[in-house]
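Enquirer: Okay, predicted coordinates and the sequence, questions at the end:
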Amino acid sequence: MVPVPRSPDAHVGAGPMSASTYTLLAAVFAACAVEMVEALTIVVAAGVTRGWRSALEGAGTAVVVLVVIVGAVGVPIVRYVPLAALRAVVGTLLLVMGESWLRKAVLRASGHKAAHDEDEIFAETCSELETGAPAPTRRDGVGFAVAFKGVFLEGTEVAIIVISLGGSQHRLGLAAAAAGAALVVVSVVGFVVARQLSEVPENLIKAGVGIMLTSLGMFWMGEGVGIRWPGGDLAIPVLVGLFVLFTLAAVAFMKSLAPAALTAGGEP
Amino acid sequence: MATITRLARTFGRFWLDFLFGDSPVLFPATLLVVGVAFALHRDLAAAVVTVPLLVIGLLAGTVYSGSRKPTAPEAPSGASEPD
């Protein structure tokens, strides 16, 4: 493959930390943390019912597969795709993802959509897995598969965020490190306080990630199609502030609509 | 061969769900916003005002419609929904 010449601002990522880099780190860390809380619930359920060995092997294998995907897809993207095209595509993807997270967070916060209940997910996963559970010390295909699927599915979105955010800023390593740090923190905290996973303010974190992804997505999509934002990177905190205000206003407005909307068949 | 087909299907289903699963309007409308951004990129003032307003309008519309329309219940296990 022949490397495509870079645009003049291709040096981005080699310089000092900027507003977009801090937002990148925060977004990757928070997104990874919130997805890992969900994944950990499934891994703990698989470990408790089917044995820890298979559950941990399944989770570990999924993490390795995700790391390989990030390396195999992310590195060529960073090296060969022109920055403007990369930012336009990645910005659009991040915008869609951010809008989706933010939309769900507003609906959940205003009572129009059921919030994730980690205790309920834990109990349901346990009851599904308890049938024919093997001795805790033996290898178990079901425990491995459930833990693998949980970690892989929750982690795929994190992999997309790491590749997108890291690739468009040429800071793939930094983005991957932020995801890895979140993985370690959530794993340690999760196993220490496994019973309190439901107390993690998941919807609040998701709203924050949605706001950051939407802001970064809009910023990079704009840069990609040729918009030069006033103040450069400083436009990102302004966009974040704008979407924080929107979220607060939307939640307040939707709460006022709650009774009518729910009788009309709001999202479960 | 069957494994490759299954993987391709899973991959396709993931992206279909990723782009259209939550709200079928979100992705096409976002592409429209990108088109508007490209059309306005030479007029900085218009672009930096219009693009954020369009996204806010899009979000407000899909949030409101999400509260009115009944949708499929969430999967019972968090393992089947990657959010």
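Expert: Yep, that arrived.

Enquirer: Only C-alpha atoms from now on, for both contacts and neighbour counts.
Expert: OK.

Enquirer: mind showing which ranges of chain B have poor pLDDT?
Expert: B:7, B:69-83 (pLDDT under 70).

Enquirer: What segments of it are helices?
Expert: Along chain B, counting by DSSP state H, helices occupy B:2-16, B:26-40, B:44-68.

Enquirer: can you redo those as TSV with distance to residue A:68 and mean neighbour count?
Expert: Conversion of the helices of chain B to TSV gives the following (distance: least, Cα to Cα, whole Å; neighbours: other Cα atoms under 10 Å in any protein chain shown):
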stretch	distance to residue A:68	mean neighbour count
helix B:2-16	16	11
helix B:26-40	28	19
helix B:44-68	34	18
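
Enquirer: and these as CSV, adding distance to chain A?
Expert: Shown next, in CSV, are those (distance: least, Cα to the nearest Cα, whole Å):
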stretch, distance to chain A
helix B:2-16, 9
helix B:26-40, 5
helix B:44-68, 5
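
Enquirer: Now distance to residue A:250 too, for those helices, in CSV please.
Expert: Below are the helices of chain B laid out as CSV (distance: least, Cα to Cα, whole Å):
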stretch, distance to residue A:250
helix B:2-16, 27
helix B:26-40, 17
helix B:44-68, 7
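
Enquirer: Can you read off the backbone torsions of residue B:23?
Expert: Backbone torsions of residue B:23, given as degrees, to the nearest 10, read phi -150, psi 120.

Enquirer: That one: neighbouring residues, count only.
Expert: Per other Cα atoms under 10 Å in any protein chain shown, the neighbour tally for residue B:23 reads 19.

Enquirer: So for the strand or helix carrying residue A:223, what gets flagged as buried?
Expert: Applying DSSP states H and E as the criterion places residue A:223 in helix A:202-225. The neighbour-count check on helix A:202-225 (16 or more other Cα atoms under 10 Å in any protein chain shown) flags A:202-203, A:205-225 as buried.

Enquirer: show me which of the residues you listed neighbour chain B.
Expert: Counting by Cα under 8 Å from any Cα of the partner chain, A:218, A:221-222, A:225 from those sit close to chain B.

Enquirer: who are the neighbours in contact with residue A:222?
Expert: A:88, A:91, A:228-229, B:34, B:37-38, B:41 (Cα atoms under 8 Å, 6 or more residues apart in numbering or on different chains).

Enquirer: Give me the distance between it and residue A:152.
Expert: 31 Å (Cα to Cα, to the nearest Å).

Enquirer: Which residue comes closest to residue A:109 once chain neighbours are left out?
Expert: Nearest residue to residue A:109, sequence neighbours excluded (Cα to Cα, 6 or more residues apart in numbering or on different chains): residue A:251, at 6.5 Å.

Enquirer: Count the residues that sit near that neighbour.
Expert: By other Cα under 10 Å, the burial measure for residue A:251, its neighbour count, is 19.

Enquirer: helix or strand for it, which one?
Expert: helix A:235-263.

Enquirer: Relative to the whole chain's centre, how far out is that helix?
Expert: Mean C-alpha position of helix A:235-263 versus that of the full chain (Cα atoms, centre = their mean, to the nearest Å) differs by 21 Å.

Enquirer: now for that helix, which elements pack on it?
Expert: Here helix A:235-263 is seen to pack against helix A:19-50, helix A:83-109, helix A:202-225, helix B:44-68 when contacts are counted using 3 or more Cα pairs under 8 Å, 6 or more residues apart in numbering or on different chains; DSSP states H and E.

Enquirer: Can you lay out those helices as JSON lines showing distance to residue A:170?
Expert: Converted to JSON lines, these look like this (distance: least, Cα to Cα, whole Å):
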{"stretch": "helix A:19-50", "distance to residue A:170": "10"}
{"stretch": "helix A:83-109", "distance to residue A:170": "9"}
{"stretch": "helix A:202-225", "distance to residue A:170": "13"}
{"stretch": "helix B:44-68", "distance to residue A:170": "25"}
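
Enquirer: Residue A:166: which of those is closest?
Expert: Nearest to residue A:166 among the helices and strands packed on helix A:235-263 is helix A:19-50 (7.7 Å), distances taken as Cα to Cα.

Enquirer: Poorly predicted segments of the stretch 151-268 of chain A, please.
Expert: A:191, A:193-200, A:258-268.

Enquirer: May I see the buried residues of the helix holding residue A:251?
Expert: For helix A:235-263, using 16+ other Cα under 10 Å, the buried residues are A:235-237, A:239-240, A:242-244, A:246-247, A:250-251, A:254-255, A:257-258, A:261-262.
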